[in-house]
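Colleague: 3D, please:
(one chain, ligands or ions: 1)
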Amino acid sequence: MKSLKKAEAYLNSLISRGIKNIPTVKPATEPKQVPSNNPLNELKQQVLPCKLCAELAQTRKTVVFGSGDAQAKLMFVGEAPGFDEDQQGLPFVGKAGQLLTKIIESIGLKREDVYIANVLKCRPPGNRNPLPEEVINCQPYLKKQIALIQPKVICALGNFAAQTLLQTSSSITRLRGKWYQYEGVKVMPTFHPAYLLRNPEDKRKTWEDMKMIREELKCLS
Ligand code: SF4
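Modeller: Presented below is the predicted three-dimensional model:
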């Protein structure tokens, strides 16, 4: 009630001064728009109607291409869209996404400073694991995304992202905390935020991995 009265008093003071338009402040986290003629947007337009994986194309609501800064130094790659992502057409917007935002902020960056994508651009029904042929179908899109964004560092989130990028069958527990290369780009695998929600005791290990990324980005700037 107090804040309503304050707002009313503020509006009355504006009217008494003859001000008809209320000044607005842009939110600090307004996402950076990728210009429509950007090659990344052109790639997105190619991917949106993709039906290479017949089952996924039938069951998905949207194709979740990716979002963020098209010139980001740091790129995150996850597994595949979940329910919320499929509904909204954006990567990492559910509970795991909220944790990813906190992880990004833990190294002094904002979500709009990085680029976020997945290995698969379509949600597997019931959030089942991606099938090997689906990963093979979608991999060229991720490869092109990375080539266009040219990040300095890729953070691979979870088993599927790390195994796809590094072409290995090793588990994330073995891979995390060490540097690898993908097409000349440094890759740091760490736990997927969805795993961290189920296993919060491993958050500390992800924090260690993120500190290594922070140091690497510092050296590069
Ligand atoms: S997952 Fe990738 S390859 Fe498969 S239908 Fe979706 S966009 Fe196409």
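
Colleague: look at the closest residue to residue 95 other than its chain neighbours and tell me its secondary structure.
Modeller: Nearest non-adjacent residue to residue 95, counting by C-beta to C-beta, 6 or more residues apart in numbering: residue 197, 6.1 Å away. Every residue, glycine included, has its C-beta placed from N, CA and C. Of the three states, residue 197 takes helix under DSSP: H, G, I helix; E, B strand; the rest coil.

Colleague: please report how far residue 197 lies from residue 139.
Modeller: Taking C-beta to C-beta, to the nearest Å as the measure, residue 197 falls 27 Å from residue 139.

Colleague: how about the residues of the chain that lie near the ligand?
Modeller: Residues of the chain lying close to the ligand (C-beta under 6 Å from any ligand atom) are 47, 50-53, 56-57, 63, 120-122, 134, 137-138.

Colleague: could these go into a markdown table alongside neighbour count and pLDDT?
Modeller: A markdown table is the format used below for these (neighbours: other C-beta atoms under 10 Å; pLDDT from 0 to 100):
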| residue | neighbour count | pLDDT |
| --- | --- | --- |
| 47 | 19 | 98 |
| 50 | 16 | 98 |
| 51 | 12 | 98 |
| 52 | 16 | 98 |
| 53 | 22 | 98 |
| 56 | 25 | 98 |
| 57 | 13 | 98 |
| 63 | 21 | 98 |
| 120 | 27 | 98 |
| 121 | 28 | 98 |
| 122 | 29 | 98 |
| 134 | 20 | 97 |
| 137 | 19 | 98 |
| 138 | 23 | 98 |
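
Colleague: need the residues you listed in JSON lines (columns: distance to residue 170 and secondary structure).
Modeller: Shown next, in JSON lines, are the residues of the chain next to the ligand (distance: C-beta to C-beta, whole Å; DSSP: H, G, I helix; E, B strand; the rest coil):
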{"residue": "47", "distance to residue 170": "29", "secondary structure": "helix"}
{"residue": "50", "distance to residue 170": "29", "secondary structure": "coil"}
{"residue": "51", "distance to residue 170": "32", "secondary structure": "coil"}
{"residue": "52", "distance to residue 170": "27", "secondary structure": "coil"}
{"residue": "53", "distance to residue 170": "25", "secondary structure": "coil"}
{"residue": "56", "distance to residue 170": "26", "secondary structure": "helix"}
{"residue": "57", "distance to residue 170": "31", "secondary structure": "helix"}
{"residue": "63", "distance to residue 170": "30", "secondary structure": "coil"}
{"residue": "120", "distance to residue 170": "20", "secondary structure": "coil"}
{"residue": "121", "distance to residue 170": "25", "secondary structure": "coil"}
{"residue": "122", "distance to residue 170": "26", "secondary structure": "coil"}
{"residue": "134", "distance to residue 170": "21", "secondary structure": "helix"}
{"residue": "137", "distance to residue 170": "23", "secondary structure": "helix"}
{"residue": "138", "distance to residue 170": "21", "secondary structure": "helix"}
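
Colleague: TSV for the residues you listed, including distance to residue 163?
Modeller: Formatted as TSV, the residues of the chain next to the ligand follow (distance: C-beta to C-beta, whole Å):
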residue	distance to residue 163
47	22
50	22
51	25
52	20
53	18
56	19
57	24
63	22
120	13
121	18
122	19
134	14
137	16
138	14
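
Colleague: and the strands in the chain?
Modeller: Applying DSSP state E to the chain gives strands spanning 67-68, 74-78, 115-118, 153-157, 180-182, 185-190.
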